[in-house]
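A.B. asks: I'd like to go over a predicted model; first the sequence, then the structure.
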Amino acid sequence: MFLMVLSANSLLLYLIQVDSGLQSPMYFFLSQLSFMDICQTFAIGPKMTTGFFIKKNVISLSGCSAQIFFTLTMGVGECLLLAAMSYDRYVAICKPLQYPVLMRRNICIILTVAVWFGAFVHALVPSVYVLPLYYCGSNVIHHIFCDLTSMLKLSCSDTSHFERSMIFSGIILLVIPSSVILASYICILATVLRVNLAERSHKALSTCLSHLSVVGLFYGAAMFKYLRPISYQTPLQNDMVSLFCTIVTPMLNPLLYSIRNRDVLAALKKLFRKKIT
């Protein structure tokens, strides 16, 4: 599965870089999404695969902190990036004449830097917080990789205040971007319903459907995992949701964006024709 995630996202990233028809802001953000999925896979894949084969999955506290940092950075980054992508779709469909100005290259770069900076800051605090905690009793992490909630369960220190602050920040982090996405698509739907040309309406809806599918998968799993108190979470539930967020979703993202996207399919066919000839 790790190889599938890396192959699919690397191929999509390569297509966006080399094909002249995929140089719009939408594909720029999509390339960032693929890059995040690749980084997420590298953050947990090698260690998990090694532990599976040698039957001895051991990791240091600093290594665990690093894994928490990278997985949170990519997860938070994807959360913010999906909101930026929905804004791009809103401008493209609702304000097409202003699109070249509102989504010019430097604006896209500023949005991307803001996404990465926000993700970095949000992930830094919890990854550093777990280091000085006092751990007693079992040192077995009941999770498929080092996860913040699993580390807090192992700790004998009082983490109740930190848990409440993380739930609060998680609510803000999920509610604000999801509100941006919801508002964007309400405006998009209203605009599409006013469009008389059926072909344009179909193209607009098909363009947004892939993004909505990714949003639904990602936000649904993230809300289930991070908006519940740790005492209500079971190891099996956490394993399944984490596997879905870190492996299944990154594997589905390039497929969802490619299957219904004529530009990506055309670029893929062009690439295969070049390889054959």
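C.D. replies: Structure received.
A.B. asks: in this structure, which helix or strand is least confident?
C.D. replies: Sorting the helices and strands of the chain by mean pLDDT, DSSP states H and E puts helix 198-226 at the bottom, at a mean of 71.
A.B. asks: chain center to the next helix or strand after it: distance?
C.D. replies: Proceeding C-terminally, helix 198-226 gives way to helix 235-243 as the next helix or strand, assigned by DSSP states H and E. Here helix 235-243 is found 17 Å from its chain centre; the criterion is Cα atoms, centre = their mean, to the nearest Å.
A.B. asks: with stretch 18-38 instead?
C.D. replies: Distance of stretch 18-38 from the chain centroid (Cα atoms, centre = their mean) equals 14 Å.
A.B. asks: please enumerate residues in contact with that stretch?
C.D. replies: If you take Cβ atoms under 8 Å, 6 or more residues apart in numbering as the criterion, stretch 18-38 is touched by 5-6, 9-10, 12-13, 15-17, 74, 77-78, 81-82, 84-85, 88-89, 92, 103, 105, 108, 111-112, 115, 249-250, 253-254, 257, 263-264, 266-267, 270-271. C-betas here are computed from N, CA, C, even on glycine.
A.B. asks: buried sites along it?
C.D. replies: 19, 22, 24-38 (16 or more other Cβ atoms under 10 Å).
A.B. asks: one step back: among the contacts of stretch 18-38, which ones are buried?
C.D. replies: Looking at the contacts of stretch 18-38 with 16+ other Cβ under 10 Å, the buried ones turn out to be 5-6, 9, 12-13, 15-16, 74, 77-78, 81-82, 84-85, 88-89, 92, 103, 108, 111-112, 115, 249-250, 253-254, 257, 263-264, 267.
A.B. asks: tell me the phi and psi of residue 159?
C.D. replies: Dihedral pair for residue 159: phi -110, psi 10, per degrees, to the nearest 10.
A.B. asks: that one contacts residue 132, correct?
C.D. replies: No - the criterion here is Cβ atoms under 8 Å, and residue 159 misses it with residue 132 at 11.6 Å.
A.B. asks: more neighbours: which of those two?
C.D. replies: Using other Cβ atoms under 10 Å, the more surrounded residue of residue 159 and residue 132 is residue 159, with 18 against 8.
A.B. asks: could you check how far the residue positioned nearest the centre of the chain is from residue 22?
C.D. replies: For the chain, residue 78 is the residue whose C-alpha lies nearest the centre (Cα atoms, centre = their mean; 3.0 Å). The spacing between residue 78 and residue 22, counted by Cβ to Cβ, to the nearest Å, is 20 Å.
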